[in-house]
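Visitor: Mind folding the following:
(2 chains)
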Amino acid sequence: GAVVSQHPSWVICKSGTSVKIECRSLDFQATTMFWYRQFPKQSLMLMATSNEGSKATYEQGVEKDKFLINHASLTLSTLTVTSAHPEDSSFYICSAIRGDQPQHFGDGTRLSIL
Amino acid sequence: DAKTTQPPSMDCAEGRAANLPCNHSTISGNEYVYWYRQIHSQGPQYIIHGLKNNETNEMASLIITEDRKSSTLILPHATLRDTAVYYCIVRVVPSGNNNDMRFGAGTRLTVKP
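Guide: Numbering: from 1, shown residues only, chains lettered A, B, ... in the order given. Now for the predicted structure:
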C-alpha cells in the first residue's frame, strides 16, 4: 500500500490565492522529504528538500518566498504556493525516505490556477 | 550523480517481454542503478535497483553489464497497465543530506494489445 500520502489530489483556485499541499509519511518517520514539480510532457524537477525542524533547501531558480515549505513534524511536510498565478499551474509531487529504502513518492497534486 | 541516456520511446506487444535500455557510461564505483516508472497522472513508483549483480523482484529484472556502463530493465510479460514513462537513475545510496532523486527524460513505454 501507499507509504506517502498527498492531499489534495486536485485543486483549482483563482489567481492571487495561496494554496497549501500536504505530504504525509504513513507509518514511518521521515526526517527528510522532497518536493518536485512536473509540467506537462516534462520530467520531474526537484524544487526543494524539506528537513524536519529546519529550513528547507531550495534548488537554484526556485523562489523560497513563493513556495513556502514547512516540515513541522516527522510525518508531515507542507508546500504553500503563495499568491498563485496561472504559470504556477503544475503537478506537484512529494517524496520521503524510509530508512535505507528507495525513495517513496506520493500520488501528486494537480494545481490549476485560473 | 552520473548522467543516464535512455531512448525517448518504445513499443511492446502485450504479453511479450519489454526490454528497456539505459546507458550510464560515467557511473562511479559506489553508484547504484535505480529504476522508477510513472503512470500517467501518478507519482513515480519504485521498480528495482542494483549495484553490479543482476537483480530480480516481483515486478522486473535488472541486468547490469559487467563494466556497469549500461543496464536493461526487463518486464517479462508486459501488460497494458505497464504503459508508463520509465526512468533510469544512477546515484549513490542515500545518506545524510544526499538523498534526493533526480529524474531525466525517461523512456515512454507503450504496451499495445
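Visitor: which residues sit in contact with residue A:106?
Guide: When contacts are counted by C-beta atoms under 8 Å, 6 or more residues apart in numbering or on different chains, residue A:106 touches A:2, A:4, A:5, A:6, A:23, A:93, A:94, A:95, B:43. Backbone N, C-alpha and C define where each C-beta goes, glycine included.
Visitor: which SSE is residue B:15 in?
Guide: Residue B:15 belongs to no helix or strand when assigned by DSSP states H and E.
Visitor: for the one 4 residues further on, same thing?
Guide: Following DSSP H and E, the helix or strand that holds residue B:19 is strand B:18-23.
Visitor: Show me what that strand is packed up against.
Guide: Applying 3 or more C-beta pairs under 8 Å, 6 or more residues apart in numbering or on different chains; DSSP states H and E, one finds that strand B:18-23 contacts strand B:9-13, strand B:31-38, strand B:70-75, strand B:84-92, strand B:107-112.
Visitor: Run through who's touching it.
Guide: Defining contact as C-beta under 8 Å, 6+ apart, one finds that strand B:18-23 is touched by B:4-7, B:10, B:12, B:33, B:35, B:69-75, B:78, B:82, B:86, B:88, B:107, B:109, B:111.
Visitor: go again using 7 Å as the cut-off
Guide: Contacts with strand B:18-23, where a contact means C-beta atoms under 7 Å, 6 or more residues apart in numbering or on different chains, come from B:4-7, B:10, B:12, B:69-75, B:78, B:82, B:86, B:88, B:107, B:109.
Visitor: Enumerate the positions of that strand that are buried.
Guide: B:18, B:20, B:22, B:23 (16 or more other C-beta atoms under 10 Å in any protein chain shown).
Visitor: and what of stretch A:92-109?
Guide: For stretch A:92-109, by 16+ other C-beta under 10 Å, it's A:92-98, A:102-109.
Visitor: Tell me if stretch A:69-86 is near chain B.
Guide: No. Stretch A:69-86 stays clear of chain B (C-beta under 7 Å from any C-beta of the partner chain), getting no nearer than 13.4 Å.
Visitor: how long is that stretch end to end?
Guide: 20 Å (C-alpha to C-alpha, to the nearest Å).
Visitor: If residue A:10 is in a bridge, with which residues?
Guide: Bridge pairing for residue A:10 (DSSP bridges) gives the partners residue A:110.
Visitor: ok, residue A:31 - contacts?
Guide: Residue A:31 touches A:51, A:52, A:74, counting by C-beta under 7 Å, 6+ apart.
Visitor: Let me know the closest of the residues you listed to chain B.
Guide: Among the contacts of residue A:31, residue A:51 lies closest to chain B (C-beta to the nearest C-beta), at 7.9 Å.
Visitor: residues from chain B in reach of chain A?
Guide: So far as C-beta under 7 Å from any C-beta goes, chain B lies against chain A at B:34, B:42-44, B:46, B:49, B:94, B:99-106.
Visitor: Verify the stated contact: residue A:12 with residue A:110.
Guide: No. Contact criterion C-beta atoms under 7 Å: residue A:12 and residue A:110 do not qualify, at 8.9 Å.
Visitor: on that earlier part again, of the residues of chain B next to chain A, which is the most crowded?
Guide: residue B:44 (28 neighbours; other C-beta atoms under 10 Å in any protein chain shown).
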